[in-house]
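Undergrad: my questions concern the predicted model and sequence given below.
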Amino acid sequence: MQVEVAAGDAAAAAAVFDDPDADEVLHRTDPAIDDQVATFRLEIDRSHRPTAVGYATGRLRHAGIPVLLSRPLDVAETVSDTWLQELIGGPGPDENIPGPYPRALFAIGGARVVQQLLDIVTDPTAFPGYRDRAAQGCLFALRNTPQEHLCRQVLDAAVQQLRPALRASPTRTRAPRHVTSLVEALQDALDQVASWSYPEFRPVPQLPQELLTELLAGPCRDLHWPALQILAVMPAPLSEQTAAAVAAAAVHHAGIKGPDAAVVAGDAVRALGRCPDTTPVRQALEVLSRSRSLDVRLDAMDDLVHRGGRPAAKALWERLLQNRSSADRRYAGGLIATHGRAEDVPAAITALGQVWTSKHSPQPVHDTSGLVTASPWGAELLTFVWNHREHPAAAAGIQRLRRRWPTTRPDLTAWVAQHLPDLPPPGPDHTRNPDRATNPVHTDGSTTRASR
């Protein structure tokens, strides 16, 4: 296989490939450095090819080395029609490529192979299963050669195949299988390039928005998810026409129950984040901010606040403080602490009243620097109130907190002892943290890093 990394990461990547634990890498060449890119050629364990490819690139990512490109070394770009037809299962009526996929299928690509596959897909006399298997073959071809002109060619074929199907059955809610497979192949190719995260080396293909909008605005709901995923990673800003189609699809899927609909709504939020600030977009985000899925509604609220600033944040926290969901109330507290002003102290006191009897504890999370302990619920609000302690409502709220201090959650009192040592009431049971000299005080409510 061929793996590309930034030239500055060549030495670190070589060390990863040479690690004795990397037993899937049988041999590697010295990196060929061309300008800013270093290219390795690896011989991998061919008996477990798909898994070995994933392990080789996964080791680099685990070591913090971005992968600019990974593809088989021996991509077959010139093959006979007979060989390709046999590879995808022959022209019979079987519905799926016989599994597991033939190993050779993982190494096809290039313009000629894509055209050969599309010739089968667009042949109206071929069995539907055969056309779908050819469309699935496009996934492997584009994965190995995700070039923009090939992606455009596949998208155009998908739309051209969908149009007559919709004319024949305007109310159908699912596309022909070969059309869905083509769009999913495109989604896979763009998502793979986007995951490399280095557009200056490998830009994400730019596809015609009008064709993607046509797919998204149509009645075939199985095309909505891959189309939304494509729009979420495309480099150019989305047009207002495309934004309207994204917003309509988002509202539609927000009204459907079930985990699958929540996944589609999540991708709709991502796509909406790249849309212009229009009325349909804000209305869709408002709908998604009430989603049953916590992740969807938090992402939608983040976007609303990004677009609307303090007025949007205030409207949200006023609504969220009325909810029973502790996650929503916690988010409301964060909005007040981040966007609130002195006149919002009463809202902060209200939010603190909801926090005080909570049994929530900070959840440990990890990042590359080690264990990170999140601040307990209420920490940001306490910092906000303390910073406005001259405000009458804040002063009164602090006095009430001090009277209730003996019943305060231990995780919150420990955090206060370190970050706001003057907040607790004076007395022998409320002394300052003896480790304060070695634990710097942060008055901004930032997270505390614990040792491993």
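TA: Arrived safely. Computed from a predicted model, the values in this text were never measured in an experiment. Numbering: from 1, shown residues only.
Undergrad: where does pLDDT dip in the stretch 201-350 of the chain?
TA: For the stretch 201-350 of the chain, the stretches flagged by pLDDT under 70 are 201.
Undergrad: how about a cut-off of 90?
TA: Within the stretch 201-350 of the chain, the ranges that satisfy pLDDT under 90 run 201-204, 234-237, 254-262, 292, 294, 323-330.
Undergrad: helices along the stretch 151-300 of the chain, start to end?
TA: Along the stretch 151-300 of the chain, counting by DSSP state H, counting those that start in this stretch, helices occupy 177-195, 209-217, 224-233, 240-254, 259-272, 279-288, 294-320.
Undergrad: and of these, who's closest to V416?
TA: helix 294-320 (22.4 Å; Cβ to Cβ). For the C-beta atoms, the positions are set from N, CA and C on the backbone; glycine is no exception.
Undergrad: buried ones in the closest one, by neighbour count?
TA: Neighbour counts using 16 or more other Cβ atoms under 10 Å place 296-301, 303-305, 308, 312-314, 316-317, 320 of helix 294-320 among the buried residues.
Undergrad: ditto for stretch 275-294
TA: Within stretch 275-294, the residues scored as buried using 16+ other Cβ under 10 Å are 275, 280-282, 284-289, 291, 293.
Undergrad: any chance you could map the strands in the protein?
TA: 2-6, 25-28, 32-34, 37-44, 69-71, 364-367, 370-373, 448-449 (DSSP state E).
Undergrad: in terms of mean pLDDT, which of those ranks lowest?
TA: For these, mean pLDDT drops lowest on strand 448-449, to a mean of 34.
Undergrad: picking up where we left off before, got JSON lines for the helices of the stretch 151-300 of the chain, with distance to S375 too?
TA: Shown next, in JSON lines, are the helices of the stretch 151-300 of the chain (distance: least, Cβ to Cβ, whole Å):
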{"stretch": "helix 177-195", "distance to S375": "31"}
{"stretch": "helix 209-217", "distance to S375": "40"}
{"stretch": "helix 224-233", "distance to S375": "31"}
{"stretch": "helix 240-254", "distance to S375": "31"}
{"stretch": "helix 259-272", "distance to S375": "26"}
{"stretch": "helix 279-288", "distance to S375": "27"}
{"stretch": "helix 294-320", "distance to S375": "17"}
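Undergrad: before we move on, the earlier item: just the closest of the buried residues of stretch 275-294 to L182, please.
TA: Of the buried residues of stretch 275-294, the one sitting nearest to L182 (Cβ to Cβ) turns out to be C275, at 24.7 Å.
Undergrad: for that closest one, give me phi and psi.
TA: Backbone torsions of C275, given as degrees, to the nearest 10, read phi -90, psi 160.
Undergrad: give the contact list for it.
TA: Residues counted as contacts of C275 (Cβ atoms under 8 Å, 6 or more residues apart in numbering) are 237-238, 242-243, 246-247, 281.
Undergrad: once you drop chain neighbours, what's closest to it?
TA: In space, and not counting its chain neighbours, C275 is closest to A243: 3.7 Å by Cβ to Cβ, 6 or more residues apart in numbering.
Undergrad: what's near enough to touch the one you found?
TA: Counted by Cβ under 8 Å, 6+ apart, A243 has contacts 272, 275-276, 278, 280-281.
Undergrad: quick one on the thing from earlier: pick out the most distant pair among the buried residues of helix 294-320.
TA: Based on Cβ to Cβ, the longest span within those runs between V296 and K314 and measures 21.8 Å.
Undergrad: how far away is the residue lying closest to P128 once chain neighbours are set aside from A248?
TA: Using Cβ to Cβ, 6+ apart and skipping residues adjacent in sequence, the residue nearest P128 is R177, 6.7 Å away. Using Cβ to Cβ, to the nearest Å, R177 is found at 25 Å from A248.
Undergrad: pretty sure G397 is touching A351, no?
TA: No. Between G397 and A351 there is no contact, the gap being 10.5 Å when judged by Cβ atoms under 8 Å.
Undergrad: neighbour count: these two, which is higher?
TA: Set G397 next to A351 and count neighbours by other Cβ atoms under 10 Å: A351 wins out with 29 against 24.
Undergrad: surely that one is in contact with G334?
TA: No. Counting by Cβ under 8 Å, G334 is not a contact partner of A351; they are 9.6 Å apart.
Undergrad: all helices of the stretch 1-150 of the chain, in order?
TA: Using DSSP H, counting those that start in this stretch, helices in the stretch 1-150 of the chain cover 10-17, 49-62, 81-87, 111-121, 128-144, 148-168.
Undergrad: tell me the most buried of these?
TA: Comparing the helices of the stretch 1-150 of the chain by mean neighbour count (mean count of other Cβ atoms under 10 Å), helix 128-144 comes out on top with a mean of 24.
Undergrad: so for that helix, mean pLDDT?
TA: Here helix 128-144 scores 93 as its mean pLDDT.
Undergrad: on contacts alone, who are the packing partners of it?
TA: helix 111-121, helix 148-168, helix 177-195 (3 or more Cβ pairs under 8 Å, 6 or more residues apart in numbering; DSSP states H and E).
Undergrad: between that helix and strand 2-6, how many degrees?
TA: Angle of helix 128-144 versus strand 2-6, following axes from the mean of the first three to the mean of the last three Cα atoms, to 10 degrees, is 40 degrees.
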